[in-house]
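Visitor: Could you work out the structure for the sequence below:
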Amino acid sequence: MNDTFLRACRGERVEYIPVWLMRQAGRYLPQYQAVRADVEFLTLCKTPELAAEITLQPVDILGVDAAILFSDILIPVEAMGVSLKFSDKNGPILNELIRNKSAVDRLIMPDAEDDMPFVIETIKILREKLKDKVPLIGFSGAPFTLATYMIEGGGSKNFLHTKKMMFQNNRLFNYLMEKLTLTVISYLSVQIKAGAQAVQIFDTWAGVLTPFDYKETVLPYLKKIISELKREAVPIIYFANDCAGILKEVKKSGADVIGIDWRIDIADAIKKLGRRVVVQGNLDPCALFLSKEEIEERVKDILWKGEAAKGHIFNLGHGILPETPVENAVALVEAVHKYGRKV
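Guide: Just a heads-up that it's a prediction; the model follows:
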């Protein structure tokens, strides 16, 4: 198996910089669209054979150095008893808003093995199929990001209801975060036991907070998750979207790898994090609409700046967009492998 990605996560010497892409198994691939054509998204996530097939597609098509489980960050939220639907136009829709104590009281503390067995089965299938290829990454949403969806009922422009709860009823907000933290620990632990060789915690909405609010209301729960998962002895990646203003606090998370979005120069991010940190990122997903020659130049710039870190895993600064030309995604991976070679 090509373990370059795992060694890079640990900050070990590698022959070349490994690369994978957030949302690499997704709508930009015709092969994904063919599988998805007659199956609803949630059904796809809950059908191990199909989820495994989709997970494997970019490994074979793009030549990436890691596979990431095909699923969704809100799967554990549904297991907690919240109704979940997906709209092609509006994304996730949660009809049962979590805005008072009785709503938080009603949330189930799921048993990942019993309540999300399809995730375990998908991982087992993938480990068998990937054993001679690349490592498998499991993942979950971070407690704060999951909380925003539960409180807002979906995405949001200003996160008014989330911040109102944080500021006006902090005890209730912490109660919700405690439940979510325990759920994420259990969910990721089960993924690791099933065979995930690394895990990523997605904090999509962390950047909507001030550094102070992030430090007070998010970081303690994140540190608890990472501290517990360290016992499992697999690399832990933490991706905080729009992280430029909170990197000083993100550094304290304890994660093995810090994912960087595209809004900050990766050299500046490394200066803030320190040279003992392994970083992941951080090409703007829209840069994949450039010419292949221009993509190469962007890749070389990020690779050069990434050399200042203890280790570097190349990735996008957020998920690959559905409209992305597949040939440009292939060109990106090829450029990283060509110009990121160490020997």
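
Visitor: and after the strand or helix carrying Ala147, which helix or strand comes next?
Guide: Following DSSP states H and E, one finds Ala147 within helix 143-152. Using DSSP H and E, the helix or strand that follows helix 143-152 towards the C-terminus is helix 160-168.

Visitor: what is the orientation angle of that next one with helix 143-152?
Guide: Between helix 160-168 and helix 143-152, the angle formed by their directions is 110 degrees, by axes from the mean of the first three to the mean of the last three CA atoms, to 10 degrees.

Visitor: contacting residues around helix 160-168?
Guide: Helix 160-168 has contacts (CB atoms under 8 Å, 6 or more residues apart in numbering) with 97, 99, 147-148, 151-152, 156, 172-173, 176, 213, 217. For glycine as for every other residue, the C-beta is placed from the backbone atoms N, C-alpha and C.

Visitor: Pipe these into JSON lines and attach distance to Leu288 per row.
Guide: JSON lines is the format used below for the contacts of helix 160-168 (distance: CB to CB, whole Å):
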{"residue": "Leu97", "distance to Leu288": "36"}
{"residue": "Arg99", "distance to Leu288": "39"}
{"residue": "Ala147", "distance to Leu288": "31"}
{"residue": "Thr148", "distance to Leu288": "27"}
{"residue": "Ile151", "distance to Leu288": "33"}
{"residue": "Glu152", "distance to Leu288": "29"}
{"residue": "Ser156", "distance to Leu288": "27"}
{"residue": "Leu172", "distance to Leu288": "42"}
{"residue": "Phe173", "distance to Leu288": "37"}
{"residue": "Leu176", "distance to Leu288": "37"}
{"residue": "Asp213", "distance to Leu288": "33"}
{"residue": "Thr217", "distance to Leu288": "34"}
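
Visitor: Tell me which two in those residues are the farthest apart.
Guide: Leu97 and Asp213 (21.3 Å; CB to CB).

Visitor: returning to that earlier point: which of the contacts of helix 160-168 sits closest to Arg275?
Guide: Comparing those against Arg275 with CB to CB places Asp213 closest, at 28.1 Å.

Visitor: Could you look up the SS state of that closest one?
Guide: When classified by DSSP: H, G, I helix; E, B strand; the rest coil, Asp213 comes out as helix.

Visitor: How about the contacts made by it?
Guide: Counted by CB under 8 Å, 6+ apart, Asp213 has contacts Met166.

Visitor: Report the separation between it and Gly245.
Guide: 11 Å (CB to CB, to the nearest Å).

Visitor: Kindly report the same for Lys272.
Guide: For Lys272, the distance to Gly245 - CB to CB - is 10 Å.

Visitor: now swap in Arg10 and tell me
Guide: Taking CB to CB, one finds Arg10 at 28 Å from Gly245.

Visitor: cool, Asp132 as well?
Guide: Counting by CB to CB - Asp132 and Gly245 are separated by 43 Å.
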